[in-house]
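In: my questions are about this predicted structure, shown below with the sequence.
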Amino acid sequence: MKIISTCLALIMWASAVNAKELHIVSAGSKTGSLTMQATAYASDLANTYQLQLSAPGNFCQALTQVNSTTPTMFLWAHDFEAAVQSGQCPVKLPANMQPIRFIKSSSLICSLTNADSIFKGNAKIAHTVPKKMFSTVISNINTAFGTAHQGVMFNGSGQVRLALLNGEVDLAILTNEHADVIRSKGGSCKFVLDDQSNMPGVVPLQQFSQSVKLRHSFNTMVYAVNMSKAQAAELKRNMQQAHKNCNSAIGQYTRCDSLLDLSWEIDQKILSRWQEDVADLIE
């Protein structure tokens, strides 16, 4: 019996040593979409890789955890990149980043009572970080409709939706996967900050005012860092396989990808959109 136990221990040790190493790093807040996706991927890929998950809750700290040798899945967002380019973080982006997945998450305006209040009055609107970006969004809404809405900032979309559910605010700006929670609680997310949308049951806010920019989205990218092209391609295939399984952690989080505007082929159009939105935040 002792010999069998020793053999099993050796097999488990050998498997751990031989498993492909993967460090998953989320640059997002602890309750936000990026970290929730990172956690889901960690669950789905645990049988394929020897995993380490890092989600410090701060984009600059996250950058420090992407070292120069460990194969890494790095979940990043365009507003973080704008902050780095404007000097708000002294840590440079890794040089060997291969984009393998892109999501455009247009922001929805959600309410538990009256979604049309976005067009009138002085509502309290919950939003996540960064403050400057959402201050501009809310200022543009006020300019477009003659309103006097005030932004209330929370650190993470999870806290934003909780504030709305608790009645602390009148409206909330959320991406679709978080908006889905509000809809499940009887609320509505009628308007989207975009000029066009494929999401059913939502109306682009831009159509009500052509003179003021009412477009906002969280552009997020997953990068393969410190990997060969073959390693990056394998990681991408493993991620896609998890997405195809509606019972996987990422499948459940995204409702089988129905909540996401997701692209696996990163073409020049996507890269140009990314660069344009980064530049908008720097100016």
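Out: In hand now; what should we look at? Numbering: from 1, shown residues only.
In: which residues of the protein score low on pLDDT?
Out: For the chain, residues meeting the criterion pLDDT under 70 lie at 1-19, 198, 283.
In: longest strand anywhere in it?
Out: Counting by DSSP state E, the longest strand found in the chain is strand 97-111.
In: so which elements touch that one?
Out: Judged by 3 or more CB pairs under 8 Å, 6 or more residues apart in numbering; DSSP states H and E, the packing partners of strand 97-111 are helix 157-165, strand 171-174, helix 176-184, strand 188-193, strand 217-225, helix 229-244, strand 262-263, helix 268-282. The C-beta positions use only the backbone N, C-alpha and C, and glycine is treated the same way.
In: which elements pack onto the fifth one?
Out: Translated: strand 217-225. When contacts are defined as 3+ CB pairs under 8 Å, 6+ apart, strand 217-225 packs onto helix 33-44, strand 72-77, helix 78-85, strand 97-111, helix 229-244, helix 268-282.
In: Lys124: which of these is closest?
Out: Smallest distance to Lys124 across the helices and strands packed on strand 217-225 (CB to CB): 11.3 Å, for strand 97-111.
In: pretty sure Pro204 contacts Gln210?
Out: No. In this structure Pro204 lies outside contact range of Gln210 using CB atoms under 8 Å: 11.5 Å.
In: which one of those two has more residues nearby?
Out: The neighbour count for Pro204 versus Gln210, taken as other CB atoms under 10 Å, is higher for Pro204 (17 against 10).
In: list the beta-bridge partners for that one.
Out: Assessed by DSSP bridges, Pro204 has beta-bridge partners Val192.
In: before we move on, what about Ile109?
Out: Ile173, Phe191.
In: show me what contacts it?
Out: 115, 118, 125, 171-173, 189-193, 205 (CB atoms under 8 Å, 6 or more residues apart in numbering).
In: cool, and Thr64?
Out: Residues in contact with Thr64 (CB under 8 Å, 6+ apart) are Val91.
In: perfect, that will be all.
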